[in-house]
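**Q** Quick one, fold the following:
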Amino acid sequence: MTIKIGTAPDSWGVWFPDNNKQVSWERCMDEMQKAGYEYVELGPWGYFPTDYESLNAELEKRKLKLVAGTVGGNYVDDASIDNMFKTIDELAPLLKKFPTAKYVVMLADMYTDLMTGKLAMPKKLTEDQWNQLYKNVQRVCDHIRSYGLVPAFHPHVDSYIQTEEEIERLLANTDATLCLDTGHHVYGGGEPISFYKKHYKRIPYLHIKKCDMNVKKEMDKNGWSFAKAVTKDIMCEPGKGSIDFKELFDFMNKIGYDGYAVVEQDLYPVLSFDVPFPIAKRTRDYLKSLGV
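**A** Presented below is the predicted three-dimensional model:
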């Protein structure tokens, strides 16, 4: 099997470049290695070192290999796209220096406030705004490709591209390639395995985790923010929940998938800095039991 398993700082509760509720990047890297991972994402730009010499030295010291970076913004706001371009122009030259780092994960701003759950942007878009979104997704994809890197648009909780219908529309109106996040896909009401089988040619990169739909029901009932639902373990490790990862991996093996599946479990804020490592280790052991 040619599926390469990686992990991301998100699995250590890292959502921001600098935050006192997050573990240090040194501890994060150390525990990524101890948990048995070889491939890693950068996480939020600025969390790990951003100069090549420092980053390369720290990764090599732990025998870790970089596979992707991340950029995010509001695809209905041209000014936000300009800021994304600036980040890509800093990020891409760094990624290009690492032979395994071929992907840029494209995140979209949530229309709900991350902490309160209240609407921060209109939940519905006009037709003109949808067209603007498609245009800007295409622009960002093209900019990433101009560096010889692969864009991987990430459908996301409480964003304009969340449900299968919305993802289908994005695929029809752009040539974007996807980062399929299995947990977010379930959260949005979709079925990730059948969706992957249908669109695998447009999905060069995956984030893997599960979504606890019992917590989702409680979230909807009580009006929790996504951040609060995360503290209730709405996004859970691959060994739990309903997604049959063996079926997914068997299909990926059948089609000759040669790429990365990155464990990216939302955990911010962790109740203790000791929480992430045992989860990461259990997850890696579980995936090894499936042959990956």
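
**Q** Strands along the protein, start to end?
**A** 3-7, 39-41, 65-73, 103-108, 150-153, 179-181, 205-208, 210-211, 235-236, 259-263 (DSSP state E).

**Q** Just put these in CSV and tack on mean neighbour count.
**A** C-betas here are computed from N, CA, C, even on glycine. Supplementary listing: those in CSV, determined by neighbours: other Cβ atoms under 10 Å:
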stretch, mean neighbour count
strand 3-7, 22
strand 39-41, 24
strand 65-73, 23
strand 103-108, 24
strand 150-153, 24
strand 179-181, 27
strand 205-208, 26
strand 210-211, 24
strand 235-236, 22
strand 259-263, 23
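
**Q** any chance of those in CSV, plus mean pLDDT?
**A** What follows is these, written out as CSV (pLDDT from 0 to 100):
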stretch, mean pLDDT
strand 3-7, 97
strand 39-41, 98
strand 65-73, 98
strand 103-108, 98
strand 150-153, 98
strand 179-181, 98
strand 205-208, 98
strand 210-211, 94
strand 235-236, 94
strand 259-263, 97
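
**Q** would a markdown table of the ones you listed with distance to Asp51 be doable?
**A** What follows is those, written out as a markdown table (distance: least, Cβ to Cβ, whole Å):
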| stretch | distance to Asp51 |
| --- | --- |
| strand 3-7 | 22 |
| strand 39-41 | 17 |
| strand 65-73 | 13 |
| strand 103-108 | 18 |
| strand 150-153 | 23 |
| strand 179-181 | 26 |
| strand 205-208 | 25 |
| strand 210-211 | 36 |
| strand 235-236 | 32 |
| strand 259-263 | 23 |
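
**Q** Quick one: closest of those strands to Val292.
**A** strand 3-7 (4.8 Å; Cβ to Cβ).

**Q** Run through who's touching the closest one.
**A** If you take Cβ atoms under 8 Å, 6 or more residues apart in numbering as the criterion, strand 3-7 is touched by 32, 35, 37-41, 67, 249, 252-253, 257, 259-264, 280, 284, 287, 292.

**Q** Tell me which strands it pairs with, and in which orientation.
**A** Using DSSP bridges, the strands paired with strand 3-7 in its sheet are strand 39-41 (parallel), strand 259-263 (parallel).

**Q** Output the ones you listed in TSV; the columns should cover distance to Lys123.
**A** Formatted as TSV, the strands paired with strand 3-7 follow (distance: least, Cβ to Cβ, whole Å):
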stretch	distance to Lys123
strand 39-41	29
strand 259-263	29
